[in-house]
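**Q** coords below, sequence missing:
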C-alpha cells in the first residue's frame, strides 16, 4: 500500500510539472490547439478555423478569402526580421545612395536629399508622400511590432495591443518600399546612357532593408497576431448603409478619372539641357525607352503607369455598378477581380518614384537638370484615390443576397 501511494505521489508531481511546462509554451503554439470562430473579412461568413500546422492556411469556404496562415515560430521570425530591417534602415540613411557624373560635373544624393529636392521644387505634397511611404510608415510598423512582440517572447501581454494592431494593419497597404526599389532600378536604366552612375552603400543597405521588410509583412498574419497578443479578434461590421459605400466609391472613382486626363496629357517631368527644355509625358517616356532598346523597362512603365490604372478604374467601376444594380451572378469572379485591383494598385507609383529620383539625382545647373511636371502630382493623386476607392468598396455587398 505504501509503494502504491509513493507511485501515485510521483505521478501527481510529474503531472503538475508537465502542466506547468505546457502553460509556459510559446503563445504561437497555443494558437493551434483550439478551433476559433472567425468572421470572413470580405464576405462576412462565419468560419470555424481548425488547428493548423506550419504553413497551413484556412480559407473561407464561400469566397475563398485566406483568413489566416499559421507559421511556426512566427513571433521569433517577426522580431528577427524587424530588428534586421531597423539596422539596415539606419545604414541606408547614413551613406550616399546614388551618384551622377557628366561633363566633369558630379552630384550625389542620399535618401533625405531625394525628398528635399522635391520640396525645393515646390512639390511638397510629393515630398511628404515619398517620405511617408518609404520611411515613416515602414518604420512605424517595425517599432509597433517590436513593442508588441518583445513582451510576448518573455511571456507578458503588451499594453495597448488592440489599438497598435489596428494601426499596423491599416498602414500595411501604404508601405511601398519594394516599389521604390524597383523605381530606382528603372531610373538607373533610363540615365545609364547619359552619364556615369555610381551606386553607394545606402543602395545595398536599402535593398536588404526591402527584403527584410517584405519578409516581415509576409509573416505578419492578422488573425495570428491578435491571438498571439491575447487580443479579441476584431469583428467585421457592415457599413452604415450600402448606398453610403457605393456613393463614396463612385465619388473617388470619378475624381480619379478626371485627374487621369491631365496625368497623361501634361508633362510628368522636364529635362533642361543647356537651357533647352524638353518636356516628357508618361507615354512619351515609354516611347523613348523603347527606341533606346530598353524593352523590359519600357514594358514595366507601360504596364504600371498606363495599363494598371486603366484596368483598375474599369474593374472598380464594374464592381461598384454590379452591387448598385444588385447583380446576383459571378460572385467569385467579382471577388477575384477585386483582389487583383487591390494587389496591383500600389505598383502604379513606380513612375512617380522614377521622377522623384531623377529630379534629385540630375541637378547639374545649366548643363543638365530635371524638374517634375504637373502630371506627377495628378498621377500620384490618381493612384491614391483608386486605392481609397478599393478600400471604400464594400465586398460584402457582393454576397448580400446570401
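**A** Cool, the structure landed. Remember, predicted model here, so these are calculated numbers, not experimental data.

**Q** run the chain-centre distance for stretch 152-166.
**A** 23 Å (C-alpha atoms, centre = their mean, to the nearest Å).

**Q** check the secondary structure at the residue nearest to residue 140 when sequence neighbours are not counted for me.
**A** Distances taken as C-beta to C-beta, 6 or more residues apart in numbering place residue 171 nearest to residue 140, at 6.2 Å, with adjacent residues excluded. All C-beta atoms are positioned from the backbone trio N, CA, C, and that covers glycine. For residue 171, the assignment made with DSSP: H, G, I helix; E, B strand; the rest coil gives helix.

**Q** tell me the contacts of residue 171?
**A** Residues in contact with residue 171 (C-beta atoms under 8 Å, 6 or more residues apart in numbering) are 137, 140, 141.

**Q** do you know how far it is from residue 124?
**A** Taking C-beta to C-beta, to the nearest Å as the measure, residue 171 falls 21 Å from residue 124.

**Q** and residue 264, by the same measure?
**A** According to C-beta to C-beta, residue 264 stands 23 Å off from residue 124.

**Q** more neighbours: which of the two?
**A** Shown here are residue 264 and residue 124; by other C-beta atoms under 10 Å, residue 264 has more neighbours (20 against 11).

**Q** and the strands in the protein?
**A** Listed in chain order, the strands of the chain (DSSP state E) span 36-39, 46-49, 57-59, 66-69, 98-102, 105-109, 196-199, 269-273, 276-280, 368-372.

**Q** out of those strands, deepest packed?
**A** Greatest average neighbour count among these goes to strand 368-372 (a mean of 21), per mean count of other C-beta atoms under 10 Å.

**Q** and it, what does it pack onto?
**A** The contact analysis (3 or more C-beta pairs under 8 Å, 6 or more residues apart in numbering; DSSP states H and E) places strand 368-372 against strand 269-273, helix 350-361.

**Q** quick one: residue 196 from residue 104, how far?
**A** For residue 196 relative to residue 104 (C-beta to C-beta), the value is 11 Å.

**Q** for residue 336, that is, sorry about that
**A** 55 Å.

**Q** for these two, indicate the residue with more neighbours.
**A** Using other C-beta under 10 Å as the criterion, residue 336 and residue 104 rank with residue 336 on top: 12 against 7.

**Q** tell me the pLDDT of that one.
**A** For residue 336, the pLDDT comes out at 91.

**Q** doesn't residue 219 make contact with residue 76?
**A** No: with contacts counted by C-beta atoms under 8 Å, residue 76 stays clear of residue 219, the gap being 9.9 Å.

**Q** so those two - more neighbours on which side?
**A** More crowded of residue 76 and residue 219, by other C-beta under 10 Å: residue 219, with 20 against 15.

**Q** so which of the contacts of residue 171 belong to helices?
**A** Judged by DSSP state H, helices contain the following of the contacts of residue 171: 137, 140, 141.

**Q** what's the local residue count around the first one?
**A** The reference is to residue 137. By other C-beta under 10 Å, 19 other residues sit near residue 137.

**Q** ok, now how distant is it from residue 170?
**A** 10 Å.

**Q** likewise for the second one?
**A** In this view, residue 140 and residue 170 are 11 Å apart by C-beta to C-beta.

**Q** and the closest residue to residue 96 other than its chain neighbours, its phi and psi?
**A** Using C-beta to C-beta, 6+ apart and skipping the chain neighbours, the partner closest in space to residue 96 is residue 200 (3.5 Å). Residue 200 adopts backbone torsions of phi -90, psi 170, taken as degrees, to the nearest 10.

**Q** is it true that residue 200 touches residue 92?
**A** No: the criterion here is C-beta under 8 Å, and residue 200 misses it with residue 92 at 9.6 Å.

**Q** who's more crowded, those two?
**A** The neighbour comparison of residue 200 against residue 92 (other C-beta under 10 Å) goes to residue 92, with 24 against 17.

**Q** quick one: contacts for that one?
**A** If a contact means C-beta under 8 Å, 6+ apart, then residue 92 has 111, 202, 205, 206, 209 as its contacts.
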